[in-house]
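Visitor: My questions concern the predicted model and sequence given below.
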Amino acid sequence: MKVIFDKSELISAINPAMGAISSRRDNPVLECLKITATAPDKCRITSYDNEKGFHIDINADVVDEGSCLVNAQRFFGMVKNMPGDITFECGKNMTASLTSERSKYEIPYQDAKLYPNISEISGRQSFTVKQGQLRDVITQTMFAIADDNDRLQLNGAYFVVDNGYMHVVALDGLRFAERMIRDEEIIKTNIEVAVDTEVRFIIPKKSLIEVIKLLEEPDEKITVIKARRHVTFKVKNVTFHTALIDGDYIEYTRFIPRNETTTATVRTNDLRDSLERALFITEFKEAGRLKAPVKLNFYDGGLNVSSVSSSNRITDEITAEKTGADLEIGFNCKMLLDTFRVLDCEKVKLKLTTPLSAMAMVPVDPDDDSFLYFTFPTRITESF
């Protein structure tokens, strides 16, 4: 095999592919990129880590067709250090060369037949959506995905898609995030299933991190194809596929707070900034331990945000339009702040029931169902 690459185009292909290079040392083959060259001008870069993988197609001057495996980290480092366009050639004794101007690297390669067979997965359902919309629902829910929960379904985001809407849910046991996007341009195609069947799947958090990296052009479309146990994302020359989390998602609706006794409307930026200031106190370590939670005290006309440790204190006042009973409630400051860091609305309505019940965050407009967040509180001690 002999291929001449444009350096920048080769780097743009390897960059996303590195997201599916195995970090486990039990299978050296999965630490490799598979390079496949097809005359006269096509080359495919493939990576796979037993759970997720990439196919990236780029243009190249293919002198001799072929395929091989090279260690991804070493190959990428060599490519980045080359001065210009790169000639990659597989030679004798399982050694390949990378030549650019007067520079030359040599690297061992392996037979491509050793690589797992990860041909593109044919799906039973698919849909198209704008990249910006997909990015929004991921970034505004991903913080609430559990990292290592015994209930495997909570370690991913739950997607439900049909013509005209995309609904995403995440829940880690202490907080909940729900985003809904309604747009008639969200188009679903069903293959081998009933026309009225929604597209449903649970995608792992670590795979969502790779999907976000693909969403660079907000107004351009991305195609999502769901198979039985996998889902594939296609955008331009990149195909990313990942295994799904099996099983049904938790019946989350039973956790949604209802019958609130206190509501308060606040400017999102005001409360976000106040929580950022309180975080400095709540995250301050003394004797190796994190100290007090943040306390929200709702009263007529305002909201007091405070936190105190043995040697530090903060109090902050912001405007709030409150109805119902006065109420004090405490939270892990960072957990609550994570929600306010993703909210992109001018104002948000807070719904509360008791100091030990979750606080919900919803749009001010009662007809708006674009988001729902809630966070469970922490008990406030008398010494607080």
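Guide: Great, that's in hand.
Visitor: Now do the end-to-end distance for stretch 47-62.
Guide: Start-to-end span of stretch 47-62 (CA to CA, to the nearest Å) is 20 Å.
Visitor: can you give me the strands in the stretch 151-300 of the chain?
Guide: Assigned by DSSP state E, counting those that start in this stretch, the strands in the stretch 151-300 of the chain fall at 156-162, 165-171, 175-182, 187-190, 199-204, 221-226, 230-235, 238-243, 262-267, 285-286, 289-290, 294-299.
Visitor: nope, the stretch 1-150 of the chain is what I meant
Guide: 2-5, 32-38, 42-48, 52-59, 61-64, 66-71, 86-90, 95-100, 103-108, 110-111, 125-130.
Visitor: For stretch 377-384, give the mean pLDDT please.
Guide: For stretch 377-384, mean pLDDT is 71.
Visitor: Can you list the low-confidence ranges for this structure?
Guide: Residue ranges of the chain with pLDDT under 70: 119-121, 191-196, 283-291, 310, 381-384.
Visitor: max-length helix in it?
Guide: Looking across the chain with DSSP state H, the single longest helix is helix 268-282.
Visitor: I'd like to check what contacts that one. Which residues are they?
Guide: 290-294, 303, 305-309, 312-314, 316, 318-319, 332-334, 336-337, 340-341, 343, 345-348 (CB atoms under 8 Å, 6 or more residues apart in numbering). The C-beta positions use only the backbone N, C-alpha and C, and glycine is treated the same way.
Visitor: starting at the chain centroid, how far to it?
Guide: Taking CA atoms, centre = their mean, to the nearest Å, one finds helix 268-282 lying 24 Å from the centre of the chain it belongs to.
Visitor: list the buried ones in that helix?
Guide: Residues of helix 268-282 classed as buried: 270, 271, 272, 274, 275, 278, 279, 281, 282 (neighbour count, 16 or more other CB atoms under 10 Å).
Visitor: got these as a markdown table, with distance to residue 107 columns?
Guide: Formatted as a markdown table, these follow (distance: CB to CB, whole Å):
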| residue | distance to residue 107 |
| --- | --- |
| 270 | 56 |
| 271 | 54 |
| 272 | 49 |
| 274 | 54 |
| 275 | 50 |
| 278 | 52 |
| 279 | 47 |
| 281 | 52 |
| 282 | 50 |
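Visitor: Looking at these, spot the one nearest residue 366.
Guide: Set against residue 366, the nearest of those by CB to CB is residue 271 (20.2 Å).
Visitor: just to revisit the earlier point, let's have the strands of the stretch 151-300 of the chain in CSV, adding mean neighbour count and distance to residue 30.
Guide: Formatted as CSV, the strands of the stretch 151-300 of the chain follow (neighbours: other CB atoms under 10 Å; distance: least, CB to CB, whole Å):
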stretch, mean neighbour count, distance to residue 30
strand 156-162, 22, 22
strand 165-171, 22, 28
strand 175-182, 20, 32
strand 187-190, 17, 32
strand 199-204, 21, 17
strand 221-226, 21, 23
strand 230-235, 21, 17
strand 238-243, 22, 14
strand 262-267, 19, 49
strand 285-286, 10, 39
strand 289-290, 10, 38
strand 294-299, 22, 44
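Visitor: among these, which is nearest residue 37?
Guide: The nearest among those, by CB to CB, is strand 238-243 at 17.6 Å.
Visitor: In the sheet, which strands lie alongside that closest one, parallel or antiparallel?
Guide: strand 52-59 (antiparallel), strand 230-235 (antiparallel) (DSSP bridges).
Visitor: I'd like the ones you listed written out as JSON lines, with distance to residue 117 added.
Guide: Below are the strands paired with strand 238-243 laid out as JSON lines (distance: least, CB to CB, whole Å):
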{"stretch": "strand 52-59", "distance to residue 117": "11"}
{"stretch": "strand 230-235", "distance to residue 117": "14"}
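Visitor: For residue 186, which of those is the nearest?
Guide: strand 230-235 (14.8 Å).
Visitor: what's the angle from the closest one to strand 125-130?
Guide: 40 degrees (axes from the mean of the first three to the mean of the last three CA atoms, to 10 degrees).
Visitor: hang on, the earlier thing: dump the strands of the stretch 151-300 of the chain into CSV; add distance to residue 47 as well.
Guide: Shown next, in CSV, are those (distance: least, CB to CB, whole Å):
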stretch, distance to residue 47
strand 156-162, 21
strand 165-171, 26
strand 175-182, 30
strand 187-190, 28
strand 199-204, 17
strand 221-226, 19
strand 230-235, 15
strand 238-243, 10
strand 262-267, 45
strand 285-286, 40
strand 289-290, 39
strand 294-299, 43
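Visitor: tell me the domain boundaries of this structure?
Guide: The chain breaks down by automatic domain parsing into domains covering 2-114, 125-252, 256-375.
Visitor: closest to residue 51 out of the strands of the stretch 151-300 of the chain?
Guide: Nearest to residue 51, of the strands of the stretch 151-300 of the chain and by CB to CB, is strand 238-243 at 5.0 Å.
Visitor: Name the residues that touch the closest one?
Guide: By CB under 8 Å, 6+ apart, strand 238-243 touches 16, 20, 51-56, 118, 120-121, 203-204, 207, 210-211, 214, 229-234.
Visitor: ok, now stretch 201-219?
Guide: With CB under 8 Å, 6+ apart as the criterion, stretch 201-219 contacts 16, 19-20, 51-52, 130-132, 134-135, 138-139, 142, 145, 147, 153, 155-159, 222, 226, 231, 233, 235, 238, 240, 242-245, 247, 249.
Visitor: now residue 140, nearest residue through space, not along the chain?
Guide: Nearest residue to residue 140 in three dimensions, chain neighbours excluded: residue 342, at 4.3 Å (CB to CB, 6 or more residues apart in numbering).
Visitor: and the one you found, what does it touch?
Guide: Here residue 342 is in contact with 139, 140, 143, 177 (CB under 8 Å, 6+ apart).
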